[in-house]
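Engineer: Provide a 3D model corresponding to the input given below.
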Amino acid sequence: MDPVTRALDELYRRISGLRGGEVASYIPELARADPEDFGIAITSMGGRCYRAGRADSEFTIQSVSKPFVYALALTDLGPDEMLGRVGVEPSGEAFNAVSLEPGTGRPANPMVNAGAIATTALVSASGPEARSARILDWLSAFAGRRLGYDEEVYASEAATGDRNRALAYLMRSAGSLREDPYEVTATYFRQCSVLVTAGDLAVMAATLANGGLNPVTGERVVDRGVAVRTLAVMATCGMYDGAGEWLLNVGLPAKSGVSGGLIAVGPGRFGVAVYSPPLDPAGNSVRGVAALTAMSERLALHLMHAPVHLAATVTDTGHGARSSRARSAEQAALLNGSSRRIIAVGAQGELEFTETEQLLGAVEGAVAGPPGWLVLDLMAVTGIRPGSAAMLAAGLADVARRGHRIVVAAQEPFLAAAADEHPAWQAFASRDDAVAWCEDQLLAGGPPADPPAARGGG
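Structural biologist: Below is the predicted model of the structure:
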């Protein structure tokens with residue numbers, strides 16, 4: 001099991017026992033959800049997907065659809081016209097409140113129901129069916145697979161959606177909604193009934209994080225500027241009247257839904273999704289909020305913590321690393337003939353979640369062959385978060401269990417604490433000393449499958 005999945009599994013086990021909240025029942029079909037359903041998924045900018053728990057359980061997207069449909073309407077209309085039709089200010093009220101601008105009827109923002117209904121009506125189409133089809137195609141492109149509907153939830157929502165219809169009629173009477181209120185709300189209910197999994201939502205969130213480029217399919221779904229504006233609205237309005245506290249404590253653009261879905265976006269880093277039906281009074285998943293709060297704290301994911309990345313994290317990967325140590329002609333020939341046995345992977349800068357995940361990916365690619373010696377060069381690394389250190393240490397332990405000897409070169413004991421749990425490597429104060437030690441072991445005929453005792457974390 002890779003270190004990211006292991007970390008997700010540990011988080012899943014820790015949060016699974018959390019109780020509290022109520023499954024949404026104002027849409028009768030949603031009340032049938034299993035309150036024990038709980039899944040977590042992450043998709044990285046490299047297109048790698050990690051899951052824990054019931055991340056493949058299907059549920060309806062509900063309000064998590066709002067930022068994606070906003071991106072579609074924004075693409076159709078452009079920023080100026082879109083802002084004239086739907087505002088972007090936090091309402092400070094519940095998701096289904098009457099948040100309309102006095103005099104114009106303009107909704108406060110596209111994340112509350114009034115704004116979402118108005119946004120759905122702004123999607124260009126020849127009629128309601130064409131609009132629904134276009135929205136489904138759009139959501140499917142974000143997810144990277146063809147999505148479908150839950151017809152039972154749609155029927156249940158349509159039968160009990162009087163408040164949303166009332167919002168639409170209020171906007172129509174104020175002049176801010178130009179389409180037929182009944183038809184628009186029917187399209188909105190169908191939009192909310194699209195079936196997804198936490199894994200789907202993680203890919204969708206990662207597409208926004210990646211500037212509109214789906215990292216799994218490689219397809220550009222939306223322009224970067226639209227993705228940026230969508231994330232800004234998510235950051236300020238996505239968690240309804242709890243948006244300020246969310247941004248303070250978790251620090252990631254996010255969007256929740258009454259079926260129990262919750263997405264969060266680390267721009268340029270990852271997309272994460274959680275599914276757990278019991279909701280808090282603000283309409284947000286109880287376990288979802290707890291899981292993402294814990295992830296943000298442990299892995300320093302808060303936007304205000306993000307360092308400036310001026311260079312690539314991984315500096316080199318390759319076989320045949322050699323030291324400056326003088327060798328006899330016979331030794332040099334032996335080392336040259338065994339050049340693929342000593343592998344060096346270098347890194348630089350601050351290692352947070354995204355950088356550590358990239359480094360582990362580079363390590364996995366480098367050690368794909370027979371067991372040898374892996375030199376992890378951290379000499380240019382300036383710092384590593386505790387959660388990232390544990391993740392890296394777990395990855396190195398996995399490599400060691402496959403027969404490779406791990407050697408770490410670092411100026412600082414970044415992995416010292418993690419070494420107590422995963423004592424799988426030797427540590428040296430320079431890359432040259434680390435490579436020379438590996439050469440000595442190879443020349444002495446030491447088997448890579450026999451890991452040495454650690455001299456302390458690197």
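
Engineer: Identify the bridge partners of residue 351.
Structural biologist: Counting by DSSP bridges, residue 351 forms beta bridges with residue 384.

Engineer: For residue 178, see how far away it is.
Structural biologist: 52 Å (CB to CB, to the nearest Å). Quick note: C-beta positions are derived from backbone N, CA and C, even for glycine.

Engineer: ok, now residue 108?
Structural biologist: 19 Å.

Engineer: now do residue 4
Structural biologist: 47 Å.

Engineer: Between those two, which is the more surrounded one?
Structural biologist: Higher neighbour count among residue 4 and residue 178: residue 4, with 24 against 12, using other CB atoms under 10 Å.

Engineer: Pretty sure the more buried one sits against residue 43.
Structural biologist: No: the pair residue 4 / residue 43 is not scored as a contact, 10.7 Å apart, by CB atoms under 8 Å.

Engineer: can you list residues touching both of the two?
Structural biologist: Residues touching both residue 4 and residue 43 (CB atoms under 8 Å, 6 or more residues apart in numbering): residue 50.

Engineer: tell me the secondary structure for the residue nearest the centre of the chain?
Structural biologist: Among the residues of the chain, the one closest to the centroid is residue 271, at 2.0 Å (CA atoms, centre = their mean). When classified by DSSP: H, G, I helix; E, B strand; the rest coil, residue 271 comes out as strand.

Engineer: Who are the contact partners of it?
Structural biologist: 42-43, 201-209, 263-265.

Engineer: State the pLDDT value of it.
Structural biologist: For residue 271, the model assigns a pLDDT of 96.

Engineer: beta partners of it?
Structural biologist: Counting by DSSP bridges, residue 271 is bridged to residue 43, residue 265.

Engineer: In this structure, what residue spans correspond to strands?
Structural biologist: Using DSSP state E, the strands of the chain run over 39-44, 49-53, 59-60, 148-149, 194-196, 254-256, 261-266, 270-275, 314-319, 342-351, 373-384, 405-409, 425-428.

Engineer: ok, and what's touching the third one?
Structural biologist: Right, the one you point to is strand 59-60. Residues outside strand 59-60 that contact it (CB under 8 Å, 6+ apart) are 30, 33, 37, 150, 153, 192-197, 257, 259-261, 275, 277.

Engineer: Pull out the buried members of these.
Structural biologist: Buried by 16 or more other CB atoms under 10 Å: 30, 33, 37, 150, 153, 192-194, 196-197, 257, 259-261, 275, 277, out of the contacts of strand 59-60.

Engineer: Point out the ones among those that are inside helices.
Structural biologist: Taking DSSP state H as the definition of helices, those contribute 153, 192.

Engineer: Residue 427 contacts residue 408, correct?
Structural biologist: Yes: taking contacts as CB under 8 Å, residue 427 lies within contact range of residue 408: 5.0 Å.

Engineer: Those two: which is more packed in?
Structural biologist: Remark: of residue 427 and residue 408, residue 408 carries more neighbours, 29 against 22, as counted by other CB under 10 Å.

Engineer: Would you check how far apart the more buried one and residue 435 are?
Structural biologist: With CB to CB as the criterion, residue 408 and residue 435 are 12 Å apart.

Engineer: what number of residues lie near residue 331?
Structural biologist: For residue 331, the neighbour count with other CB under 10 Å is 15.

Engineer: How about the one 10 residues further on?
Structural biologist: The local packing of residue 341 (other CB under 10 Å) involves 22 other residues.

Engineer: now the helices for the stretch 51-200 of the chain?
Structural biologist: Per DSSP state H, counting those that start in this stretch, the stretch 51-200 of the chain carries helices over the ranges 66-77, 79-85, 113-121, 128-143, 151-160, 162-174, 181-192, 198-209.

Engineer: Can you check which of the ones you listed gets nearest to residue 215?
Structural biologist: Nearest of those to residue 215, taken as CB to CB: helix 198-209 at 5.3 Å.

Engineer: any idea of the mean pLDDT for the closest one?
Structural biologist: Per-residue scores along helix 198-209 average to 97.

Engineer: same thing with stretch 28-35?
Structural biologist: On average, stretch 28-35 scores 94.

Engineer: and that stretch, how far out from the chain's middle?
Structural biologist: Distance, stretch centre to chain centre, for stretch 28-35: 26 Å (CA atoms, centre = their mean, to the nearest Å).

Engineer: got the end-to-end distance for it?
Structural biologist: 15 Å (CA to CA, to the nearest Å).

Engineer: quick check: domain ranges of the chain?
Structural biologist: The chain resolves into domains spanning 24-305, 314-443 when parsed by automatic domain parsing.
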